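Chemist: My questions are about this predicted structure, shown below with the sequence.
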Amino acid sequence: MMPDLPALTVSVSAHDDVAENQNSTFLCPRDAFPDLEALSLTAVQALHSRVCRQLDREYLMTLDGPSCETLDRQQELSEELDRRELQRASVTAR
């Protein structure tokens with residue numbers, strides 16, 4: 001039998017701004033969103049991770065679900081990663 005775990009309490013809402021903290025593992029809707037083409041693949045992957053973590057956070061913490069901004073960012077990042085993968089595959093296939 002597992003012991004009871006303490007309840008997780010968070011003092012900010014999922015949509016709150018984290019003041020563009022680059023050390024945050026989340027990217028809030030009001031945080032700046034860079035031009036993806038100017039970023040390295042590693043930077044795009046890290047940004048995708050931050051947006052996915054924000055999306056999970058918003059699903060768990062808000063009754064209205066995730067913000068449209070976060071959903072749009074996740075879609076844009078997925079498309080950019082897909083584009084880069086297709087570009088890499090076409091160069092490798094030659």
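Modeler: Arrived safely, thanks for sending.
Chemist: which one's the longest helix in the chain?
Modeler: With secondary structure taken from DSSP state H, the chain has its longest helix at helix 68-92.
Chemist: Residues contacting it, please?
Modeler: For helix 68-92, the surrounding residues in contact (C-beta atoms under 8 Å, 6 or more residues apart in numbering) are 27, 29, 33, 36-37, 41, 44-45, 47-48, 51-52, 54-55, 58. Every residue, glycine included, has its C-beta placed from N, CA and C.
Chemist: OK, contacts around residue 65?
Modeler: Contacts here follow C-beta under 8 Å, 6+ apart; on that basis residue 65 touches 58-59.
Chemist: where in the protein is pLDDT low?
Modeler: 1-22 (pLDDT under 70).
Chemist: Could you pull out the buried residues of the helix or strand residue 53 falls within?
Modeler: For residue 53, the host element (DSSP states H and E) is helix 41-61. Across helix 41-61, burial judged by 16 or more other C-beta atoms under 10 Å covers 44, 47-48, 50-52, 54-55, 57-58.
Chemist: One more: stretch 81-93?
Modeler: residue 81.
Chemist: May I have that stretch as PDB, with CA atoms only?
Modeler: Output of stretch 81-93 as PDB, limited to C-alpha atoms (Å, rounded to 0.1, in the frame of the first residue of the first chain):
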ATOM      1  CA  LEU A  81       9.900  20.200 -36.500                       C
ATOM      2  CA  ASP A  82       8.100  18.200 -39.300                       C
ATOM      3  CA  ARG A  83       9.400  20.600 -41.900                       C
ATOM      4  CA  ARG A  84      13.000  20.200 -40.700                       C
ATOM      5  CA  GLU A  85      12.600  16.400 -40.500                       C
ATOM      6  CA  LEU A  86      11.400  16.300 -44.100                       C
ATOM      7  CA  GLN A  87      14.200  18.600 -45.200                       C
ATOM      8  CA  ARG A  88      16.800  16.400 -43.400                       C
ATOM      9  CA  ALA A  89      15.300  13.200 -45.000                       C
ATOM     10  CA  SER A  90      15.400  14.700 -48.500                       C
ATOM     11  CA  VAL A  91      19.000  15.600 -48.100                       C
ATOM     12  CA  THR A  92      19.900  12.200 -46.700                       C
ATOM     13  CA  ALA A  93      18.100  10.400 -49.500                       C
END
